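J.: here is a sequence with its predicted model. Questions after.
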Amino acid sequence: AGSATDTLVFIHGFNVTFMGALTAAAELAREVKIGDHALNVVLFSWPSDGKAVPLMSYYSDREDARVSGPAVARAYLKLKEFVSGLKRDDHCQQRLHLLAHSMGNYVLRQGLQAVCAKDSKALVRLFDQIILASPDEDDDAFEDDDKLKCLPALARQVTVYHNPHDLALVVSDKTKTNPDRLGSDGPRLIDLLPKKVVIVDCRNVAKGADEKVQHSYYINSKAMAQDIGSVLAGTEPERFPNREYIPPRRAWRVIGELPSG
């Protein structure tokens, strides 16, 4: 129908209350447009503490993220069963997307691994676009079968938004004994990436959207809302209005913030 629109499944990150996750989902729905159409946003909430107690909150959330994997797997398998059972005339012809922010990417990893453990053949291209925003995930995640190597099988394209000045991921890297983070400098080995994985450097807009930490820049930024909307629309990377290509990194960079108004 002319008023139909795509749906985005959103997995929130670390240190987010349930109300905070709902607010972030509402901001995505308000800010991101696909052409002239609004976006349906469905929140997958996992039990983050929503507290900033040094060390303990991070480890508590990390454990909660790990054990949330089976719930993600169940949701995926139920959705796959529902979509597979639709008759041709029941299809709305709209697309389904996924966005995971911060530690939500670790939740996504655990869900992916839970699906693989149950039935690896269940991994089908259910999503059109998958966006990993500020992923608090290892930078070798696309190289390892136990991490996100199989993720591209679920989508037509996977986009990784990263920022080398992301202070939350510096803390994750330096004080939590995690390896280098995917959300800081992108994937460890560019040459081994599947061609459907697109890397986007967001350093030029991150501070303006999230001045203190530069971690939640996927919202509160006109430039990021435009970029996410273009990703979800399936725009070819070279046709984005506010990106430049960085050949040595084989990656794109958001040029700058858009004027308000």
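T.: Yep, that arrived.

J.: now do the helices in the stretch 1-150 of the chain.
T.: Here the stretch 1-150 of the chain has its helices, by DSSP state H, counting those that start in this stretch, at 18-31, 56-67, 69-85, 104-119.

J.: mean pLDDT for the ones you listed: which is lowest?
T.: Between the helices of the stretch 1-150 of the chain, the one with the least mean pLDDT is helix 56-67; it has a mean of 78.

J.: looking at the helices of the stretch 1-150 of the chain, which one is packed in the most?
T.: helix 104-119 (a mean of 22; mean count of other C-beta atoms under 10 Å). Using the backbone N, CA and C atoms, a C-beta is placed for each residue, glycine as well.

J.: before we move on, the earlier item: any chance of CSV for the helices of the stretch 1-150 of the chain, columns distance to Val170?
T.: Formatted as CSV, the helices of the stretch 1-150 of the chain follow (distance: least, C-beta to C-beta, whole Å):
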stretch, distance to Val170
helix 18-31, 22
helix 56-67, 13
helix 69-85, 26
helix 104-119, 17
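
J.: between these, which one is closest to Ile255.
T.: Closest to Ile255 of the helices of the stretch 1-150 of the chain, according to C-beta to C-beta: helix 18-31, at 18.6 Å.

J.: give me the contacts around that closest one.
T.: Here helix 18-31 makes contact (C-beta atoms under 8 Å, 6 or more residues apart in numbering) with 8, 10, 12, 16, 38-43, 45, 48, 50, 99, 101, 216, 218-220, 222, 225, 228.

J.: by mean pLDDT, which helix or strand of this structure comes out lowest?
T.: Ranked by mean pLDDT, DSSP states H and E, the weakest helix or strand in the chain is helix 167-175, scoring a mean of 70.

J.: following element in sequence after it, please.
T.: Remark: after helix 167-175, the chain's next helix or strand is helix 182-185, criterion DSSP states H and E.

J.: for that next one, give me every contacting residue.
T.: Residues outside helix 182-185 that contact it (C-beta under 8 Å, 6+ apart) are 102, 105, 132-139, 141, 160-164, 166, 169-170, 173.

J.: mind listing which of the residues you listed are in strands?
T.: Leu132, Ala133, Val160, Tyr161, His162 (DSSP state E).

J.: what pairs with the third one across the strands?
T.: This points to Val160. Per DSSP bridges, the residues bridged to Val160 are Leu132, Ile199.

J.: any idea how many residues pack against Phe10?
T.: For Phe10, the neighbour count with other C-beta atoms under 10 Å is 23.

J.: what pLDDT does it get?
T.: Phe10 is assigned 98 on the pLDDT scale.

J.: any idea what it is bridged to?
T.: What pairs with Phe10, by the bridge criterion (DSSP bridges), is Leu43, Leu99.

J.: my guess is it contacts His97, does it?
T.: No - here Phe10 does not reach His97: they are 9.4 Å apart, not a contact under C-beta atoms under 8 Å.

J.: so where is the stretch 151-261 of the chain shaky, pLDDT-wise?
T.: Filtered on pLDDT under 70, the stretch 151-261 of the chain yields the residue ranges 171-177, 261.

J.: show me the strands in it, by range?
T.: Assigned by DSSP state E, counting those that start in this stretch, the strands in the stretch 151-261 of the chain fall at 155-162, 197-201, 243-246, 251-254.

J.: a markdown table for those, including mean neighbour count?
T.: Formatted as a markdown table, the strands of the stretch 151-261 of the chain follow (neighbours: other C-beta atoms under 10 Å):
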| stretch | mean neighbour count |
| --- | --- |
| strand 155-162 | 22 |
| strand 197-201 | 21 |
| strand 243-246 | 14 |
| strand 251-254 | 21 |
